[in-house]
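In: Give the three-dimensional model of this entry:
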Amino acid sequence: MCLLLGATGVGKTLLVGTDLTDIVAQKKMTIRELGGCMGPIWSSYYGDCHSVLFMIDASDPTQLSLSCVQLLGLLSAEQLASASVLILFNKIDMPCYMTLEEMKSLIRLPDIIACAKQCITIAEISARDGTGLAGVLRWLQDTHKAIS
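Out: Numbering: from 1, shown residues only. Modelled structure (predicted):
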């Protein structure tokens, strides 16, 4: 199973709908979207998880620190030590979005990636207009192949 996590309002529901979504590419994979308000109980879903999509709102600098704390929390979870992680910087279609370099610098992403046990990939997307979603699907397919 793949978990789709992130703070409230980052665009997770727009990407996959609510709760569970099955994607059939080469094989069926299930994505479970957990709302930001469910953050305190995310860890109860980690046991079955092989990959994580973590979404950050690129257009809301006020939410960046919360997203960073949530990301550090899930990266430090022992149950997710071998999970693959794709960090999605969403809402790049908004006129006020932060550049990838700005966001990486503000949350010190290179340091986070260097210290993480997980294999971490990053992508810029727009769940609203579809920009970057083909790359997300490719990542899901490749990650799912590796664990099958």
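In: How about the longest helix along the chain, which residues are buried there?
Out: If you go by DSSP state H, the chain has its longest helix at helix 133-147. Across helix 133-147, burial judged by 16 or more other CB atoms under 10 Å covers 136, 139, 140, 143, 144. Yep, even glycine has a C-beta here, placed from its N, CA and C like the rest.
In: in what helix or strand does the most centrally placed residue in the chain lie?
Out: When CA atoms, centre = their mean is applied to the chain, the residue found nearest the centroid is residue 54 (1.6 Å). Secondary structure from DSSP states H and E places residue 54 in strand 51-57.
In: Surely residue 133 touches residue 123?
Out: No: the pair residue 133 / residue 123 is not scored as a contact, 9.2 Å apart, by CB atoms under 8 Å.
In: Make CSV from the buried residues of helix 133-147 and add pLDDT to it.
Out: Below are the buried residues of helix 133-147 laid out as CSV (pLDDT from 0 to 100):
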residue, pLDDT
136, 92
139, 93
140, 91
143, 89
144, 81
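In: what's the closest of these to residue 80?
Out: The shortest approach to residue 80 among those belongs to residue 143, at 13.3 Å (CB to CB).
In: Can you report how many residues neighbour the closest residue to residue 36 other than its chain neighbours?
Out: Nearest residue to residue 36, sequence neighbours excluded (CB to CB, 6 or more residues apart in numbering): residue 8, at 3.4 Å. By other CB atoms under 10 Å, the residues close to residue 8 number 13.
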